[in-house]
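>>> When you get a sec, could you give me coordinates for this:
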Amino acid sequence: MASLLGQFFSRIKGSQEDIASEGIVYILESSKYARDAISIFIYNNTGISLNNINYISQSVGENKERPDISGIDENGNEVIIIEAKFWASLTGNQPSEYLKRLKENSVLLFVCPKLRAISLASEIETRLKNDNITYGYIQNRYVIDKNKYIFITDWSSILETIKTALLNNNEMALVSDVDQIIGFCEIIDNNTFPPIMDYDLSPAIAKRINSYCDLLDKIVDKLKVSENADTTGLKSTGQKYGYTRYFKIGEYGISVELNMKMWELFADTPFWITVHIPSAERWEQPENLKNALKNVSQKLNIRLFKNITNKNVCFSIVPKIGEVEEKVIEGFENIIKNILNELPLDL
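Have a look, this model is predicted:
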């Protein structure tokens, strides 16, 4: 979700967690419905009943610990601590010093990106063991003595819970504020290096990506035979986000590309085809060609996107699923032939 706050996240100095948590405190201070929604969320996930909670931020303790958000009940007891996390590690006081602040029937709630939850849980368990804190583990929740809970949730779950309560009670100005925080969190997630997981290092991933590069070479080799594709003076290139092969068929220059960034952002495929008008100086894609390609896209039902690295438009190509290599290559060959057949002979 785009938001004004999200657009300026890279220019904001200081802690991103502080910005998100201060925003949540503002909303909780402003709406009883939002506060009640948090209490219901906590009860549904831990069985702890929290009533008439007031929320404050940055409440410094005796050992200089400073939780992002503290929830105080009507008797002045700190019964919930909410700690905002994106990708930073736990501080030296977390979670042990925070647990010391909490009385019985209380909750230490960590809010983090979904992909951060596994590594954050591992950090928490290590700290608990190192500090000799006995705990039980029940359905993604850590139970400490005197019925204290450590619970991990993600930003989307907590913010959507608050937003739903505000919508149901027509507090639309605050809904807009929640949307700002949601957009801010999404931008941080999308622009931050995610933790490396075991499966990310599997050789199977490298084998698959290498096979995609080899596939492009074989597609071009097939087109040389079937369509007299000409690669004279045209070299394959490796870019930051992929690999590209160039060739000419008739009046047009064509590139078949493995583009990881386009794959990440726009379509469920790494394969892209761009059609150009070739000249001695450069390959171009004038407006009349772009218009013709839009017509081809509609007629052949192949999606067309603007390439993020240049001003050209390109087709996203989904290969045949579950087919052997020969059939996949044949599929690409037919797609390229169909695109060229629909283009004018002279633009």
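
>>> Can you name the next helix or strand after the longest helix along the chain?
Determined from DSSP state H, the single longest helix within the chain is helix 203-226. With elements assigned by DSSP states H and E, the helix or strand that comes after helix 203-226 is strand 237-239.

>>> So for that next one, mean pLDDT?
In this model, strand 237-239 has a mean pLDDT of 85.

>>> That strand - contacts with which helices or strands?
Judged by 3 or more Cβ pairs under 8 Å, 6 or more residues apart in numbering; DSSP states H and E, the packing partners of strand 237-239 are strand 242-249. Where C-beta positions appear, they are placed from N, C-alpha and C, glycine not excepted.

>>> So which residues of the stretch 1-150 of the chain form strands?
Per DSSP state E, counting those that start in this stretch, the stretch 1-150 of the chain has strands spanning 54-57, 69-72, 78-84, 106-112, 135-138, 141-144, 148-154. These are given in chain order.

>>> got the CA coordinates for the last one in CSV?
So the one you mean is strand 148-154. Extracted in CSV, the C-alpha atoms of strand 148-154 (Å, rounded to 0.1, in the frame of the first residue of the first chain):
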residue,chain,number,x,y,z
LYS,A,148,3.7,-14.1,31.5
TYR,A,149,3.5,-14.6,27.8
ILE,A,150,5.9,-13.7,25.0
PHE,A,151,4.0,-13.6,21.8
ILE,A,152,5.3,-12.7,18.3
THR,A,153,3.0,-11.3,15.6
ASP,A,154,3.5,-9.5,12.3
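
>>> The helix or strand following that strand vs strand 78-84, what angle?
In the C-terminal direction, the helix or strand that comes right after strand 148-154 (DSSP H and E) is helix 155-168. For helix 155-168 and strand 78-84, the angle between their directions (axes from the mean of the first three to the mean of the last three Cα atoms, to 10 degrees) works out to 120 degrees.

>>> what helices or strands is helix 155-168 leaning on?
Judged by 3+ Cβ pairs under 8 Å, 6+ apart, helix 155-168 is in contact with helix 16-30, helix 32-46, strand 106-112, helix 172-190.

>>> Dump the longest helix of the chain to PDB, restricted to CA.
Coordinates of each C-alpha in helix 203-226 appear next as PDB, following Å, rounded to 0.1, in the frame of the first residue of the first chain:
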ATOM      1  CA  PRO A 203      22.100 -25.800  -5.000                       C
ATOM      2  CA  ALA A 204      18.800 -26.600  -6.600                       C
ATOM      3  CA  ILE A 205      18.100 -22.800  -6.900                       C
ATOM      4  CA  ALA A 206      21.400 -22.200  -8.700                       C
ATOM      5  CA  LYS A 207      20.800 -25.200 -11.000                       C
ATOM      6  CA  ARG A 208      17.300 -23.800 -11.900                       C
ATOM      7  CA  ILE A 209      18.600 -20.300 -12.600                       C
ATOM      8  CA  ASN A 210      21.500 -21.600 -14.700                       C
ATOM      9  CA  SER A 211      19.100 -23.800 -16.600                       C
ATOM     10  CA  TYR A 212      17.000 -20.600 -17.400                       C
ATOM     11  CA  CYS A 213      20.100 -19.000 -19.000                       C
ATOM     12  CA  ASP A 214      20.900 -22.100 -21.000                       C
ATOM     13  CA  LEU A 215      17.200 -22.200 -22.100                       C
ATOM     14  CA  LEU A 216      17.600 -18.700 -23.700                       C
ATOM     15  CA  ASP A 217      20.600 -19.900 -25.600                       C
ATOM     16  CA  LYS A 218      18.700 -22.900 -26.900                       C
ATOM     17  CA  ILE A 219      15.800 -20.800 -27.900                       C
ATOM     18  CA  VAL A 220      18.000 -18.600 -30.000                       C
ATOM     19  CA  ASP A 221      19.700 -21.600 -31.600                       C
ATOM     20  CA  LYS A 222      16.300 -23.000 -32.500                       C
ATOM     21  CA  LEU A 223      15.200 -19.700 -34.100                       C
ATOM     22  CA  LYS A 224      18.400 -19.500 -36.100                       C
ATOM     23  CA  VAL A 225      17.300 -22.700 -37.800                       C
ATOM     24  CA  SER A 226      13.600 -22.200 -38.100                       C
END
